[in-house]
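Novice: structure, please.
(one chain, ligands or ions: 1)
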Amino acid sequence: MITAQRAGKAAGKHVSRALLGLRSLLGARQDHHCPACGGDVVGFFRYGDCADWGCPACGASPRERLVNALLDAGVLALPQSGAILHMAPSEQSLVNRFGGAAGDYVPADIDPSRYAILGVQPVDLMALDQPSRFDLFYASHVMEHVPDDAAVLRNIYASLRPGGEAWLIVPLWDKRTEDGQPGMSAAERERRFGQWDHVRQYGPDFADRIAAAGFVVTPIGADAVPQNERARMGLGEILFRAVKPAAAR
Ligand SMILES: [Zn+2]
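Specialist: Numbering: from 1, shown residues only. Modelled structure (predicted):
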């Protein structure tokens, strides 16, 4: 469903991207850096309320850039030759990075037909049943779509080996999490949660929900990246690092 709100945001994105291209042609200084594609750029294009959203070279969002910057800075590390379950694999730099590092890379989505890359597996997180298979689970902007997030977090926990990690990013506001009700209309969900297919809006207490599944949780933001680097990378959002204790079964 394309709503008027999303169509407006998308149109603004094209204008902003075109203006960046023009500035670049006119010789503006390339004083920004994209850790997703490694490019130096004149700035990032606007999307909705975010003025520094997309990389004009590769399209990476602030959260895609954040994950790359955290990996580059050594704040996060990929399991070497491990098994990685990558949900909603639309961030190309992470498809490349995860796929390159993993011994068993599984890009997956509830609807694989949405993706241009090959080999996307059908996985419904509500029914995920692959005990102790993965070393890393990654899902960015997925949890706000699942009907029962407590059940999904338990499934993710069970799918990880002891010591394994889940890296979760969700849209956040600064209030407590609000859950939708079953039967809520698409229009009502868009009004309350900002998008027709979001079934809740998370707040910082998302960390408590993750911990309730057994994880040790650390929220990580741009401030984990050295200040002189992060200023020019336009990083955004918070990555919740959830570790399954090594002593867990
Ligand atoms: Zn880029």
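
Novice: which residues are in contact with the most centrally placed residue in the chain?
Specialist: Central residue of the chain (C-alpha atoms, centre = their mean): residue 140, 2.4 Å from the mean position. By C-beta atoms under 8 Å, 6 or more residues apart in numbering, the contact set of residue 140 is 63, 64, 67, 88, 91, 168, 169. From N, CA and C alone the C-beta is placed, and that goes for glycine too.

Novice: which ones among the residues you listed are found in strands?
Specialist: 168, 169 (DSSP state E).

Novice: surely residue 40 and residue 29 touch.
Specialist: No: using C-beta atoms under 8 Å, residue 40 is not in contact with residue 29; the gap is 9.2 Å.

Novice: show me which residues of stretch 238-249 are buried.
Specialist: Across stretch 238-249, burial judged by 16 or more other C-beta atoms under 10 Å covers 238, 239, 240, 241, 242, 243, 244, 248.

Novice: now swap in stretch 41-60 and tell me
Specialist: Under 16+ other C-beta under 10 Å, the buried positions of stretch 41-60 are 41-47, 50, 52-60.

Novice: how close does the residue located most distally from the centre of the chain get to residue 37?
Specialist: The outermost residue of the chain relative to its centre, with distances by C-alpha atoms, centre = their mean, is residue 26 at 33.3 Å. Going from residue 26 to residue 37 by C-beta to C-beta, to the nearest Å gives 22 Å.

Novice: how long is stretch 169-189 end to end?
Specialist: 20 Å (C-alpha to C-alpha, to the nearest Å).

Novice: other residues contacting that stretch?
Specialist: For stretch 169-189, the surrounding residues in contact (C-beta under 8 Å, 6+ apart) are 1, 63, 66-67, 139-144, 192-206, 209, 237-240.

Novice: same question for it: list its buried residues.
Specialist: Across stretch 169-189, burial judged by 16+ other C-beta under 10 Å covers 169, 170, 171, 172, 177, 180, 189.

Novice: next one: stretch 109-119
Specialist: The neighbour-count check on stretch 109-119 (16+ other C-beta under 10 Å) flags 109, 110, 112, 115 as buried.

Novice: which ones are touching the second one?
Specialist: What that stands for is residue 110. 122, 123, 124, 125.

Novice: around the ion, which positions in the chain sit nearby?
Specialist: With C-beta under 5 Å from the ion as the criterion, the chain meets the ion at residues 34, 36, 37, 55, 57, 58, 60.

Novice: please redo it, this time with the cut-off set to 8 Å
Specialist: Counting by C-beta under 8 Å from the ion, the chain comes close to the ion at 34-39, 41, 55-60, 65, 93.

Novice: could you look up the SS state of residue 164?
Specialist: Classification of residue 164 by DSSP: H, G, I helix; E, B strand; the rest coil places it in strand.

Novice: I'd say it and residue 242 touch.
Specialist: No: counting by C-beta under 8 Å, residue 242 is not a contact partner of residue 164; they are 9.4 Å apart.
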